[in-house]
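Chemist: Dropping a prediction and its sequence here:
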Amino acid sequence: MAPFDPRDLHSTPHLAPLVPTLPIRLRRTEILTVVYRTDRAAADALIPEPLELTGDLCVVHVYKMHDAEWFGVYCESAFQLPVRMPDGRCAVYSPFLVLESDGAVAAGREIYGQPKKAGQVSLDPDGDLLVGRIARNGIEIATATMCWKQTPSSGGELERLVPGSGLNVNLRVRQEEEGRTSRELVARAFADVVEHEAWTGPGTLELHPNAQLPVHLLRAGEVVLALHRVLDLTLAPGSVVHSYR
């Protein structure tokens, strides 16, 4: 048998690549979002320059991917902080992400620079309550709740409260040959978003310490928004917005 031509590959391993070629479509993606006030100094310490923190809010998403191309069915979570990019645009920066899919962990880190780690995430109704749970090392580190479908919404509350919430920027760090390390800020936005339904209502967030995922540093204060949505969306390629030389 002849060896394969590596120029035909876009990801490894051969015959079972882990990272897809973008774009890919995610259908019926269910998202519980809780926005709360946190300690601004603690948040600022997690933001790389030249990004600038623009407020004391923190956005927590818990996702249930009901049908994600390549990755299947899994749950994911993200903590995001509002920032201003070097070009003046508003965005959100991700200091912590936890999810269940090895392919999605690899793709998020390699393509966008998202600091994803494997963990246990769930999003399910429990009677009249929607509950999102995030765990690492078997220890629950975050629990988000929202009353089940009480107030219909247009889905635009998040962007009004956190301008730039649809644009995610991340610090991509890659170790290269001869001890070199590249560092870049990479931004990406969801494309072709279709909203099937959206709801708001009372919500809560509880955080617990974990040295491998120190989300507790972003102390949970007043919850200012709880939002439950079901979307179709496309993961598109990102773009480099700043390089560290």
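Modeler: Done, it's in.
Chemist: which one's the longest strand in the chain?
Modeler: For the chain, the longest strand by residue count, based on DSSP state E, is strand 181-200.
Chemist: going on from it, what's the next piece of helix or strand?
Modeler: Toward the C-terminal end, the helix or strand that comes next after strand 181-200 (DSSP states H and E) is strand 203-207.
Chemist: Next secondary structure element downstream of that following strand?
Modeler: strand 223-235.
Chemist: Each with direction, which strands does that next one pair with?
Modeler: strand 24-37 (antiparallel), strand 181-200 (antiparallel) (DSSP bridges).
Chemist: out of those strands, nearest to residue 241?
Modeler: With C-beta to C-beta as the measure, strand 181-200 is the member of the strands paired with strand 223-235 nearest residue 241 (4.9 Å). In this view, the C-beta of every residue, glycine as well, is placed from N, C-alpha and C.
Chemist: With just CA atoms, put that closest one into PDB.
Modeler: Coordinates of each C-alpha in strand 181-200 appear next as PDB, following Å, rounded to 0.1, in the frame of the first residue of the first chain:
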ATOM      1  CA  THR A 181       5.600  30.700  20.300                       C
ATOM      2  CA  SER A 182       3.100  32.700  18.300                       C
ATOM      3  CA  ARG A 183       0.500  34.800  20.000                       C
ATOM      4  CA  GLU A 184      -2.500  36.400  18.200                       C
ATOM      5  CA  LEU A 185      -6.000  37.800  19.000                       C
ATOM      6  CA  VAL A 186      -8.500  36.000  16.800                       C
ATOM      7  CA  ALA A 187     -12.100  37.200  16.400                       C
ATOM      8  CA  ARG A 188     -15.100  35.300  15.100                       C
ATOM      9  CA  ALA A 189     -18.900  35.700  14.900                       C
ATOM     10  CA  PHE A 190     -21.700  33.200  14.300                       C
ATOM     11  CA  ALA A 191     -23.100  33.400  10.700                       C
ATOM     12  CA  ASP A 192     -26.600  32.800   9.200                       C
ATOM     13  CA  VAL A 193     -28.300  32.800  12.600                       C
ATOM     14  CA  VAL A 194     -31.900  31.600  12.700                       C
ATOM     15  CA  GLU A 195     -33.800  32.100  16.000                       C
ATOM     16  CA  HIS A 196     -36.600  29.600  16.600                       C
ATOM     17  CA  GLU A 197     -37.600  30.800  20.000                       C
ATOM     18  CA  ALA A 198     -36.400  33.000  22.900                       C
ATOM     19  CA  TRP A 199     -37.500  33.500  26.500                       C
ATOM     20  CA  THR A 200     -36.500  35.600  29.500                       C
END
